[in-house]
Every structure is written in C-alpha cells, then in structure tokens.
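Q: here's a sequence, model it:
(one chain, ligands or ions: 1)
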Amino acid sequence: MASDLKGKVAVVTGASKGIGAAVARQLARAGASVVVNYASSREGAVRVVQAIEKEGGRAVAVGANLAKPEEVAHLFDETRKAYGRVDILVNNAGIYDFAPLEGITPEHFHKHFDLNVLGLILATKHAAALFGPEGGSVINISSVAGTHPMSNASVYSATKAAVDAITKALAQELGGRKIRVNSINPGPVVTEGTSSFSEGEMFAEFAKKTPLGRIGQPDDIARAVLFLAGDDSGWITGEVIHAAGGLRG
Ligand code: NAP
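A: Numbering: from 1, shown residues only. Model prediction:
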C-alpha cells in the first residue's frame with residue numbers, strides 16, 4: 001500500500017459517483033474514515049458507504065449542496081459529530097455544462113462558480129478549522145481545462161484556472177500550519193457525468209491525442225489523490241499535477 005491512512009479522517013465532496021466515489025473507496029482502503037458527500041444522489045452515496053464497509057472500512061454519507069454556504073457548514077458539522085476531526089479534504093464536487101459564448105448567461109456563470117470555486121473555498125475554510133496541529137492535506141480536483149482551456153467551455157475552464165490559483169495561494173497561506181494544498185488535473189475520465197458523450201467522437205479524439213492512448217478511468221485519478229493524501233507526498237504542496245495520460249488540451 002502506497003499510503004497508510006489509518007486513524008485519518010477524509011472528507012470527499014461529490015462522492016456519490018464518478019471520480020469522487022473512486023477516491024472515497026481508495027482512501028478507505030488505505031485506512032481512512034471517509035465522509036461521502038452527495039447533493040442529490042443519496043442512494044449512490046449509500047452504495048459507496050456500503051461498498052467501503054463491506055471491505056472493512058468506515059464511512060458515513062452526508063447530504064449537502066456545496067453551492068449553498070449553509071450546507072457546506074452542515075457537511076462539516078456532521079463530520080465533526082461523526083469523527084471529531086479532519087485530516088484530508090478532497091474538493092471533488094464540480095459541474096461541467098459546456099456552452100459557446102452566445103449560450104453564456106449569468107445563471108450559467110454563477111452555477112459553475114458557486115460550486116466549483118466558492119464551494120471549494122468554503123469547504124477548505126471549514127476543513128482547515130478542523131485540522132489538528134499535525135496539519136493535513138487538501139486535494140483540489142481541477143482539470144486539464146484549467147491549464148489548457150477548451151473551446152465552448154470558457155466558464156468551466158475559468159473555474160478550474162481559479163481552482164489552480166487558489167491551490168497555489170492557499171499552499172502559501174496554510175503551509176505554516178502544515179496544511180498542504182495541491183491540485184490534481186484530470187483529462188477526460190469516463191464517469192456518470194460524462195456518460196452522455198464518452199462513447200462519442202469527442203472522447204475518441206481525446207484518446208487519439210493522449211500519449212498513453214486511452215481515456216482515463218476514475219481509479220486513475222483516485223490513485224493520484226491517494227498519493228497526495230498521505231505522507232509519501234509530505235514535501236509536496238502548491239503543485240498542479242496533471243493526471244491525464246500525458247494529454248494537454
Ligand atoms: P460526476 O460523475 O458528474 O459526479 C459529480 C459528483 O459531484 C456527484 O457525486 C454529485 O452528487 C456531486 N455534486 C454535483 N453537484 C454538487 C453540489 N452542488 N454539491 C455537492 N456535490 C455535488 O462528475 P465527475 O466526472 O466524477 O467529475 C468530478 C470532478 O472531476 C469535477 O470537479 C470535474 O470538474 C472534475 N473533472 C472531471 C473530468 C471528467 O472527464 N469526468 C475531467 C476533468 C475534471 P449528486 O449525484 O448527489 O448530485
């Protein structure tokens with residue numbers, strides 16, 4: 001096992017499916033107690049908790065829409081009640097609705113920024129208040145779109161560029177408290193969220209352009225998160241790490 005997370009508590013936002021569910025399972029396998037956050041898919045979150053428990057791990061499902069500040073606070077109240085502390089925060093919850101310039105509205109802008117950026121900042125603020133004197137690890141799930149913005153995705157790409165900037169700023173701000181902050185930037189990954197187009201031409205094109213010759217799977221990302229969660233990455237902070245099979249945009 002790359003990391004031993006026994007005795008640690010991890011909060012994974014948006015963990016009812018997709019990348020977040022794979023991250024929750026990997027962290028639990030390494031010994032962490034995991035808070036499995038969801039917004040609407042309670043059933044999915046309960047399935048993730050049950051899968052973790054079946055493998056001998058500990059997890060609880062907590063519903064909270066992270067685009068709403070009061071619900072971010074609720075997630076961490078429930079975390080404190082369940083486990084009393086936080087050591088690892090994986091800011092994974094995020095949305096990606098693509099739109100050309102003509103399709104961008106204030107609603108489209110705020111829907112993306114309220115969750116992908118403000119929700120991530122507020123979750124980090126609450127988690128940092130629950131980290132102990134030994135510090136902790138914050139892992140932000142960004143995107144290759146943050147460093148190589150995509151056509152028809154200017155707002156989404158902007159949210160992920162903002163996430164990378166936040167990673168670098170908070171790594172400096174929180175380093176004195178031994179809190180590490182890093183971004184993992186996936187390329188395309190087959191998840192529930194991409195299921196409507198992952199069989200299509202766009203993903204086929206991405207696979208062709210990817211040096212490792214395929215599209216990512218949730219566990220490709222979860223293994224990179226596992227590395228950043230544990231002591232093996234103890235000297236790494238403020239980094240933006242692509243997990244994309246070599247793909248850049
Ligand atoms: P997904 O399959 O659509 O799953 C999204 C997860 O986020 C679900 O658990 C969902 O919960 C949760 N969520 C959505 N809105 C939420 C909210 N307001 N509050 C709390 N949780 C919320 O997504 P994914 O493809 O795994 O993507 C996960 C992250 O990776 C995102 O940040 C995305 O930008 C990033 N990423 C994905 C790809 C890709 O190709 N898949 C590539 C690069 C980066 P409910 O189901 O309960 O609503």
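Q: Provide a list of residues in contact with the residue lying farthest from the centre of the chain.
A: What lies farthest from the middle of the chain is residue 102; by Cα atoms, centre = their mean that is 29.3 Å. Counting by Cβ atoms under 8 Å, 6 or more residues apart in numbering, residue 102 touches no other residue. Placement of C-beta: from N, CA and C, glycine included.
Q: look up how far the ligand lies from it.
A: Applying Cβ to the nearest ligand atom, to the nearest Å, the value for residue 102 to the ligand is 23 Å.
Q: residue 198 too?
A: Counting by Cβ to the nearest ligand atom - residue 198 and the ligand are separated by 8 Å.
Q: burial check on that residue, number of neighbours?
A: 17 (other Cβ atoms under 10 Å).
Q: how about the residues of this structure by the ligand?
A: 13-20, 37-41, 44, 65-67, 92-96, 115, 141, 143, 186, 188-189, 191-194 (Cβ under 6 Å from any ligand atom).
Q: give me the subset of these lying in strands.
A: 37-38, 141, 186 (DSSP state E).
Q: tell me the pLDDT at the closest residue to residue 101 other than its chain neighbours?
A: Spatial nearest neighbour of residue 101, excluding adjacent residues (Cβ to Cβ, 6 or more residues apart in numbering): residue 154 at 6.9 Å. With respect to pLDDT, residue 154 scores 98.
Q: just to revisit the earlier point, SS state for the residue farthest from the centre of the chain?
A: Under DSSP: H, G, I helix; E, B strand; the rest coil, residue 102 falls in the helix class.
Q: distance of it from residue 154?
A: 11 Å (Cβ to Cβ, to the nearest Å).
Q: residues contacting the residue nearest to the spatial centre of the chain?
A: Centroid-nearest residue in the chain, with Cα atoms, centre = their mean: residue 92, separated by 2.0 Å. Residue 92 makes contact with 12-15, 19-20, 23, 141, according to Cβ under 8 Å, 6+ apart.
Q: show me these that map onto helices.
A: 19-20, 23 (DSSP state H).
Q: now render those as JSON lines, adding neighbour count and pLDDT.
A: Shown next, in JSON lines, are the ones in helices among the contacts of residue 92 (neighbours: other Cβ atoms under 10 Å; pLDDT from 0 to 100):
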{"residue": "19", "neighbour count": "29", "pLDDT": "98"}
{"residue": "20", "neighbour count": "30", "pLDDT": "98"}
{"residue": "23", "neighbour count": "33", "pLDDT": "99"}
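Q: columns pLDDT on top of the ones in strands among the residues of the chain next to the ligand, output as a markdown table?
A: Shown next, in a markdown table, are these (pLDDT from 0 to 100):
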| residue | pLDDT |
| --- | --- |
| 37 | 99 |
| 38 | 98 |
| 141 | 99 |
| 186 | 98 |
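Q: is it true that residue 41 touches residue 17?
A: Yes. Taking contacts as Cβ atoms under 8 Å, residue 41 lies within contact range of residue 17: 6.2 Å.
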